[in-house]
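**Q** Pasted the sequence and its predicted model underneath.
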Amino acid sequence: MAQPLLEPGLVVAGHGRHVWVETPDGRRLICHPRGKKSQTVVGDRVLWQATQDEGTIEKVQPRRNLFYRQDEIRTKSFAANLDQVLVLIAAEPEFSESQLSRALIAAEAEKIRPIIALNKSDLTEPFGRAWERMGIYRDMGYQVVPLALKPKADDTAATELDTLLPLLQGKTTLVLGPSGSGKSTLINRLLPNARVLTNEISTALNSGKHTTTSTSLYWVDAAKTTAVIDSPGFQEFGLNHIEPMLLASLMPDIKAQASDCKFYNCSHLHEPGCGVISMVKLGSSPHGISANRYKIYSDLFEELSQKRY
């Protein structure tokens, strides 16, 4: 008996147990997972089998990486095969360094390149303060890009993304950003038809108003070499899948000093001869660790330790 024909596809949207798969020739169709549990996420390369006008996911191809989000109950994967993560924050309202650090740690854990975009560079004083706060992240090697996104496009709209577009070209980028950062504006600039596409996804997956809580992949260019993945819910971002003892290795400023600790299994919280604690005392000097970053580390360590079951 001949084996059923399996076709390749890319998961471009998902809601509940349904996913929207795009074929190499540009067709899109609803596919359902084989079995009770859905294992597919946006960005997955899959093999699917036709079933009338829909399809069944038969196999998920090996992933390069997998990105997670968290609510109070569980950790859930939601995007795969990323080239980079763009974390969009704004000079005003003041951004949370704890939220920013969580996104950077999650990217480090999956060896995904993070880019930080600081919006509202047109607000001179708030931006100056925010840019100064970002100094320690630039010192850690993170790329920080200034942006001035306006809610309504005007004559400067074409140049707003000049610094950002080259960084996105030819890559699949997950865009994250808290409320007020300008993420919706950014998505609308990159993808003028995003709302139309979202409505298409909503109709196809029969998910109605709940589509805004799902994750979707959009092509930025006609050649389909540059993709942006939009996912809401930055506040729910969590790290419960990460072991607490791995945390220091995912924070570059902590990691740089951890090799100087007396004990190989140092938690960097209370041990004598800890290279990290000694550098916290130096503060934000060239080789020191800021008190704020150390507090983020210690709070996260405690949080992750409590989540072990």
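**A** Arrived safely.

**Q** which helix of this structure spans the most residues?
**A** Counting by DSSP state H, the longest helix found in the chain is helix 291-306.

**Q** Going by residue numbers, what spans are helices in this protein?
**A** Assigned by DSSP H, the helices in the chain fall at 97-109, 124-133, 135-139, 157-160, 165-168, 183-190, 194-205, 252-258, 275-280, 291-306.

**Q** Check which helices and strands the second one is in contact with.
**A** It stands for helix 124-133. The contact analysis (3 or more C-beta pairs under 8 Å, 6 or more residues apart in numbering; DSSP states H and E) places helix 124-133 against strand 113-119, strand 143-146. C-beta: built from backbone N, CA, C; applies to glycine.

**Q** Quick check: which of those strands is nearest to Leu165?
**A** strand 143-146 (10.5 Å; C-beta to C-beta).

**Q** Quick check: mean pLDDT of stretch 220-240?
**A** Across stretch 220-240, the average pLDDT comes to 83.

**Q** Sorry, wrong one. I was asking about stretch 294-302.
**A** Average pLDDT, stretch 294-302: 96.

**Q** Now for the closest residue to Asp260 other than its chain neighbours, how many residues are close by?
**A** Of all residues not flanking Asp260 in the chain, Gly275 sits nearest, at 2.8 Å (C-beta to C-beta, 6 or more residues apart in numbering). Neighbour count of Gly275, defined by other C-beta atoms under 10 Å: 18.

**Q** where are the low-confidence patches of the stretch 51-200 of the chain?
**A** 71-74, 152-159, 194-200 (pLDDT under 70).

**Q** Mind splitting the chain into its structural domains?
**A** 7-60, 66-236, 244-306 (automatic domain parsing).

**Q** Check the offset of the second one from the chain's centre.
**A** Meaning domain 66-236. Per C-alpha atoms, centre = their mean, to the nearest Å, the displacement of domain 66-236 from the mean C-alpha position of its chain is 7 Å.

**Q** ok, back up a step: so of the helices and strands packed on helix 124-133, which one's packed in deepest?
**A** strand 113-119 (a mean of 21; mean count of other C-beta atoms under 10 Å).

**Q** Tell me which strands that one pairs with, and in which orientation.
**A** Here strand 113-119 has these sheet partners by DSSP bridges: strand 84-90 (parallel), strand 143-146 (parallel).

**Q** between these, which one is nearest to Ile229?
**A** Checking the strands paired with strand 113-119 against Ile229 by C-beta to C-beta gives strand 84-90 as the closest, at 9.3 Å.

**Q** got a list of contacts for the closest one?
**A** Identification of contacts with strand 84-90 by C-beta atoms under 8 Å, 6 or more residues apart in numbering yields 67, 95, 100, 103-104, 106-107, 112-120, 130, 147, 164, 167-168, 171-178, 180-183, 186.

**Q** Okay, angle between it and helix 124-133 too, please.
**A** Strand 84-90 runs at 140 degrees relative to helix 124-133, counting by axes from the mean of the first three to the mean of the last three C-alpha atoms, to 10 degrees.

**Q** And the helices of the chain: which comes nearest Asp83?
**A** Of all those, helix 165-168 sits nearest to Asp83, with 9.2 Å by C-beta to C-beta.

**Q** hang on, the earlier thing: what's the closest of the strands paired with strand 113-119 to Leu217?
**A** strand 84-90 (13.9 Å).

**Q** Render the CA-only coordinates of that closest one in PDB, please.
**A** C-alpha atoms of strand 84-90 as PDB (Å, rounded to 0.1, in the frame of the first residue of the first chain):
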ATOM      1  CA  GLN A  84      16.700  37.200  16.300                       C
ATOM      2  CA  VAL A  85      14.400  38.800  18.900                       C
ATOM      3  CA  LEU A  86      13.600  42.500  18.700                       C
ATOM      4  CA  VAL A  87      12.700  43.900  22.100                       C
ATOM      5  CA  LEU A  88      11.000  47.300  21.600                       C
ATOM      6  CA  ILE A  89      10.900  49.600  24.600                       C
ATOM      7  CA  ALA A  90      10.100  53.300  24.900                       C
END
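
**Q** That one to helix 183-190, inter-axis angle?
**A** Our comparison of strand 84-90 with helix 183-190, counting by the same axes, to 10 degrees, yields an angle of 120 degrees.
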